[in-house]
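Trainee: Have a look at this fold, sequence not included:
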């Protein structure tokens, strides 16, 4: 066999832990080596499963919230918020006016507003970045705030709470879409959400008109 009688006896009785070399000489498959092989196969199967799961989730667009948040504050999010604002401006221009009051667009640079604003006097929908500090800091996301449009004299201002839409992203089949306040609106394209912004602004103005 190539091993001593005593070694063979110790291996068979369990007094000596078998090595691969001795196992081959004796033609044995010790339990601990079999378990090790099985464990290796199970780990390989687990790794294959995890890889397949990741690939499947990516193909189905099932990405993590952390990945979606990273997309929102990255270049993809910047592109999407610009697309949303363009779509809102276009939609409002198509409607034209409500009760003989025209929609007005302030790009946030030359019209007096600190950020892009769709006005339907005396109220508006303002697109605001959310940052880690009140006066700046890192970008955390975006929101749309429906409220009274500030004037120098504050004439006509009424006590109506702002309506805030916190924007987040969701993914469907790998395509990013908009959510509002988690689940008020889910999976909207920029065009669909732009229509909802215009609709909510009209509703907000109606509510404002009913406020004493």
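Mentor: Ah, there it is. Keep in mind it's a predicted model, so treat the numbers as computed, not measured.

Trainee: all contacts plus neighbour counts: C-alpha atoms, from now on.
Mentor: Will do.

Trainee: Give me the domain ranges for this structure.
Mentor: Here the domain parsing of the chain from automatic domain parsing is 5-60, 65-210.

Trainee: May I have the strands that pair with the longest strand along the chain, each with its orientation?
Mentor: Longest strand of the chain, by residue count under DSSP state E: strand 136-148. Paired with strand 136-148 in the same sheet, following DSSP bridges, are strand 123-133 (antiparallel), strand 163-172 (antiparallel).

Trainee: Show me what counts as buried in the last one.
Mentor: Neighbour-count burial for strand 163-172, counted by 16 or more other CA atoms under 10 Å, picks out 165-171.

Trainee: buried ones in stretch 88-105?
Mentor: 88-92, 103-105.

Trainee: and it, what's its mean pLDDT?
Mentor: Confidence for stretch 88-105, expressed as mean pLDDT, is 97.

Trainee: Could you work out the end-to-end span of it for me?
Mentor: 9 Å (CA to CA, to the nearest Å).

Trainee: by how many degrees do the helix or strand containing residue 86 and strand 136-148 diverge?
Mentor: According to DSSP states H and E, residue 86 maps onto helix 75-95. Counting by axes from the mean of the first three to the mean of the last three CA atoms, to 10 degrees, helix 75-95 lies at 20 degrees to strand 136-148.

Trainee: Looking at the strands paired with strand 136-148, which is nearest to residue 67?
Mentor: For residue 67, the closest of the strands paired with strand 136-148 is strand 163-172, at 9.7 Å, according to CA to CA.

Trainee: Can you name the residues in contact with the closest one?
Mentor: 60-63, 68-69, 72, 141-147, 176-182, 186-187 (CA atoms under 8 Å, 6 or more residues apart in numbering).

Trainee: just checking, next helix/strand downstream of that strand?
Mentor: Following strand 163-172 in sequence, per DSSP H and E, is strand 175-180.

Trainee: Which strands and helices lie in contact with that following strand?
Mentor: If you count contacts as 3 or more CA pairs under 8 Å, 6 or more residues apart in numbering; DSSP states H and E, strand 175-180 packs onto strand 163-172, strand 185-188, helix 190-210.
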